[in-house]
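Participant: okay, sequence plus prediction incoming.
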Amino acid sequence: MEQLPELRYVPHTKINKVRWDESLLQSANGLVYASTWYLDTVTADTWDALISDNYEWMMPLPIKKKGGISYLPTPLFVQQLGIFGPGPFTPELSDHFLKHIEANLKLVEFQLNAENAPPASGVFEQRIRLNHLKNLPIDRQQLFPDYSENTQRNIKKAGKAGIRFGNASIRQMIKLFQENKEKEITGWKTENYNVLDRLYNVCMMRKSGQALGAYNSAGEMIAGAFITEWKNRATFVFSCNSPEGKETGALPALIHHYMTNAPAFIQVFDFEGSDQEGLARFYKSFGSIESNYVHLKLNRLPFYMRWLKP
């Protein structure tokens, strides 16, 4: 019989953030999304947690309120949360944590992380979601031959077009995104940009990421990428592209530029997606491998409130 940790619900103001971050660094499955500074930034300091007595096991709970109802969503610019600790991450462990959520919340749209086993209880609707990871070789020159022919061709095209790479600001990226992509995405709000802007500023202040642009011969930014760096993992949080960027292969070339020049401690490039076939194909073209994680859904609101979305 598996020995399950004793858990307590800890409100945000009572969380020992130094112990939390130390424990996350030691955990078998730590992710940047679960760092206290990242959670504080994307939730505006509104997350609580389930924690074992010694902070060995932790689960952040970014609970929000709408119409007097407490609910559990996945915050903006967070792909995976769930349970963090030494492992193993069994279905019984998932059930053990989730029974606390099930007992106290009626509305949940939340994602576990890739190491967490799907719960066995059947209380939550479950959907398997797709991520792509690229293991970076020590010799970064080995990257290019691993790409698909199309991606290799695009990178060469960017070279012939004289595309240059350099630092960028998040405001430049947001402007390019608004001009070329925003209209295609339903439900995209001003709040998304505000959170992204805060996250960029915190990452830059902490030296926990990079914001890069691809520039044409006239010095105009035609593609951009915002990438966080934590422990051994770089995460592709946000990108933008223009028609000229697409024509010249600027974004694949920019990703290749980052991976080739990433700090030596970065061993994994996390593409942060995707369930969309086109994006999944693009990420796969870099020689990435698939990584699955579980999306959980629960809606036990009265029928007249079922319209409420996390």
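Facilitator: That came in fine, so what should we check first?

Participant: pretty sure residue 249 sits against residue 157.
Facilitator: Yes. Counting by C-beta atoms under 8 Å, residue 157 is a contact partner of residue 249 at 4.2 Å. Placement of C-beta: from N, CA and C, glycine included.

Participant: those two: who's more crowded?
Facilitator: A count of neighbours by other C-beta atoms under 10 Å puts residue 249 above the other of residue 249 and residue 157, at 25 against 16.

Participant: pLDDT score assigned to the closest residue to the more buried one other than its chain neighbours?
Facilitator: Leaving aside its sequence neighbours, residue 249 sits nearest to residue 154 (C-beta to C-beta, 6 or more residues apart in numbering; 3.0 Å). The model reports residue 154 with a pLDDT of 98.

Participant: so residue 154 touches residue 253, yeah?
Facilitator: Yes. Using C-beta under 8 Å, residue 154 makes contact with residue 253 at a distance of 6.7 Å.

Participant: show me the contact partners of the helix or strand harbouring the residue nearest to residue 249.
Facilitator: Element membership for residue 154 (DSSP states H and E) is helix 149-160. Here helix 149-160 makes contact (C-beta atoms under 8 Å, 6 or more residues apart in numbering) with 144, 147, 214, 248-250, 252-253, 256, 285-286.

Participant: give me that answer again for 7 Å
Facilitator: Helix 149-160 is contacted by residues 144, 248-250, 252-253, 256, 285-286 when judged by C-beta atoms under 7 Å, 6 or more residues apart in numbering.

Participant: for these, pick the one with the most neighbours.
Facilitator: Ranked by neighbours (other C-beta under 10 Å), the contacts of helix 149-160 are led by residue 250, which has 29 neighbours.

Participant: and it, what does it touch?
Facilitator: Going by C-beta under 7 Å, 6+ apart, residue 250 touches 158, 163, 214, 222-223, 241.
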